[in-house]
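Asks: My questions concern the predicted model and sequence given below.
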Amino acid sequence: MLNVEVMTESKRSSFERKIMQAYMMLHAQKRFDVPRSVSLAQHGSYEVRLVEPPGATQFDGIPFWLELFDHAREMALDSYGSSNLEEAGVAAEDLISQAIRLHEEPPQT
């Protein structure tokens, strides 16, 4: 049981570290004509990314805005915003799981 908790905690801190790296990269980008984003993971056409928060949200103190984006349909399927890095790490893990599941699902006919 202890090993499982350690692995889970290590995995979660890995997501948190990845989000912080993406956050720094996002703010280092010089583009201002389109919303900036940094990819955290991609599975097929499904990408989980840290994005610049939408308009008014930028000023609400929510620095971590995560999005599950479907490139095939060119639309966001899910998103999550938080000012808490640990919560954002949990959300990133969930969004990545969704991306994997969607990618692995057989196409509906």
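Replies: Right, received. Where do you want to start? Numbering: from 1, shown residues only.

Asks: how about the strands in the protein?
Replies: Under the criterion DSSP state E, the chain contains strands at 37-43, 46-51, 64-70, 75-82.

Asks: Output the contacting helices and strands for the first one.
Replies: I take that to be strand 37-43. If you count contacts as 3 or more C-beta pairs under 8 Å, 6 or more residues apart in numbering; DSSP states H and E, strand 37-43 packs onto helix 2-28, strand 46-51, helix 85-104. Every C-beta, even on glycine, is put in place using the N, C-alpha and C of the backbone.

Asks: quick one, what contacts Ala76?
Replies: Listed by C-beta atoms under 8 Å, 6 or more residues apart in numbering, the contact set of Ala76 reads Glu67, Leu68, Phe69, Asp70.

Asks: Next one: it from Phe15, what distance?
Replies: Using C-beta to C-beta, to the nearest Å, we find Ala76 at a distance of 19 Å from Phe15.

Asks: likewise Arg101?
Replies: In terms of C-beta to C-beta, Arg101 sits 17 Å off from Phe15.

Asks: cool, and Leu77?
Replies: Taking C-beta to C-beta, one finds Leu77 at 19 Å from Phe15.

Asks: out of those two, which sits in the busier spot?
Replies: In this view Leu77 and Phe15 are compared by other C-beta atoms under 10 Å, and Phe15 has more residues nearby, 21 against 14.

Asks: Skip the chain neighbours and tell me the closest residue to that one.
Replies: Gly89 (4.0 Å; C-beta to C-beta, 6 or more residues apart in numbering).

Asks: likewise Ala91?
Replies: Nearest to Ala91 is Tyr80, by C-beta to C-beta, 6+ apart, at 4.0 Å.
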